[in-house]
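**Student:** Predicted model and sequence below, questions to follow.
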Amino acid sequence: MEKITTIGLDITKQVFQVHGINGAGSIVSRRKLRRDDVVGFFRALPPCLIGIEACATGHHWARVLMALGHEVRLMPASYVKPYVKRQKNDATDAEAICEAVARPTMRFVPVKSEEQQSVLMLHRVRELLIRQRTMLVNALRGHLAEFGIVTRQGIAGVGMLIALVEGDDHDLIPALARSALLPLIGQLREVHQKVSEMDRQILAWHRSNELSRRLETTPGIGPITASAITATVTDASLFKSGRQLAAWIGLAPRQNSSGGKDRLGRISKQGDPYLRRLLVVGTHAVLRFSRKGKAASTRWAAELLAKKPYNVVAVALANKIARIVFGR
């Protein structure tokens with residue numbers, strides 16, 4: 001078999017499609033591989049360039065193939081799609097990946113380490129638990145509202161509802177309804193305890209990472225946001241400027257420019273929605289609790305608040321904080 005220089009690898013759970021070409025661009029190999037045969041196939045090949053679409057398991061296979069001596073590049077699936085010819089199947093997907101990985105203007109996704117993926121997994125599990133806790137709280141509020149029991153929002157209000165359900169010195173709640181709500185309260189406490197445990201683990205990793213601690217010195221960024229940025233942005237040098245980082249997160253205006261006339265719209269909301277939300281929430285805290293006039297970014301935001309709506313200023317400040325993060 002001729003020497004393979006570039007391979008497009010379409011990965012799935014069990015069946016992997018290989019599309020390999022030589023230095024002249026001629027097709028050398030087109031075949032399917034079972035999951036157990038992937039490592040053996042690439043171990044037998046001389047070092048070559050391998051393109052993979054960035055997905056949930058792409059980073060794992062990139063690390064595996066890099067350990068075998070190959071050069072692996074991950075690409076966003078949306079950037080590979082224009083190279084797909086006509087019908088979509090595994091073979092055409094692998095061919096498109098092989099074509100896209102060799103483009104000189106292609107943008108690639110840095111390969112994350114196991115530690116970075118583990119930290120992000122802590123964040124994802126924490127978010128899932130928080131959503132479950134919110135669902136339980138809403139269910140408890142909704143059920144008790146059927147009996148005319150409504151309390152204020154927030155943790156204090158939930159505590160009052162729990163005390164009413166668990167208390168037996170009143171007749172506001174029927175016994176049958178109380179027996180139905182007690183399991184919800186038990187599950188709510190269990191989920192809250194698990195969220196607290198996730199917070200402790202994230203905080204411990206944050207304190208052990210020098211870059212994450214440095215990012216925490218930025219206004220509006222705490223341990224949660226700092227650790228998420230550190231684990232998500234693998235290599236900040238891939239961005240030419242802080243504006244590129246802000247645009248990647250989705251905090252820069254969407255452009256619809258033509259004919260030399262710039263038309264800027266709302267923020268693009270591209271990139272990482274989790275990071276964008278954390279940054280915007282952090283700016284709300286800065287705007288709410290800061291003493292005006294001390295930090296330069298706060299003075300700038302205070303002046304902007306006189307002319308723009310609150311949420312617009314919050315997003316603009318989040319963009320500014322993202323640019324500050326790039327300089328850290």
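**Tutor:** It's in.
**Student:** Check which helices and strands the worst-scoring helix or strand of the chain on mean pLDDT sits against.
**Tutor:** Per-element confidence for the chain was summarised using mean pLDDT, DSSP states H and E. The lowest value among helices and strands belongs to helix 296-305, with a mean of 74. Using 3 or more Cβ pairs under 8 Å, 6 or more residues apart in numbering; DSSP states H and E as the contact criterion, the elements in contact with helix 296-305 are helix 273-289, helix 310-327. Every residue, glycine included, has its C-beta placed from N, CA and C.
**Student:** Tabulate those (CSV), appending distance to Gln132.
**Tutor:** Formatted as CSV, the entries for the helices and strands packed on helix 296-305 read as follows, by distance: least, Cβ to Cβ, whole Å:
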stretch, distance to Gln132
helix 273-289, 17
helix 310-327, 27
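**Student:** mind checking which of the ones you listed is nearest Ala247?
**Tutor:** Comparing the helices and strands packed on helix 296-305 by their distance to Ala247 (Cβ to Cβ), the top pick is helix 310-327, with 9.0 Å.
**Student:** circling back to that earlier point, the least confident helix or strand of the chain vs helix 310-327, what angle?
**Tutor:** Per axes from the mean of the first three to the mean of the last three Cα atoms, to 10 degrees, the angle that helix 296-305 makes with helix 310-327 is 150 degrees.
**Student:** can you give me the offset of helix 296-305 from its chain's centre?
**Tutor:** In terms of Cα atoms, centre = their mean, to the nearest Å, the centre of helix 296-305 is set 28 Å apart from its chain centre.
**Student:** how about stretch 251-269: buried residues?
**Tutor:** Neighbour-count burial for stretch 251-269, counted by 16 or more other Cβ atoms under 10 Å, picks out 251-252, 267-268.
**Student:** likewise stretch 66-75?
**Tutor:** 70, 72-75.
**Student:** And the residues you listed, which is closest to Thr134?
**Tutor:** Leu74 (33.3 Å).
**Student:** Check which element follows the longest helix along the chain along the chain.
**Tutor:** Within the chain, and with DSSP state H defining each element, the longest helix by residue count is helix 175-208. Secondary structure here is assigned by DSSP states H and E; on that basis, the next helix or strand after helix 175-208 toward the C-terminus is helix 210-215.
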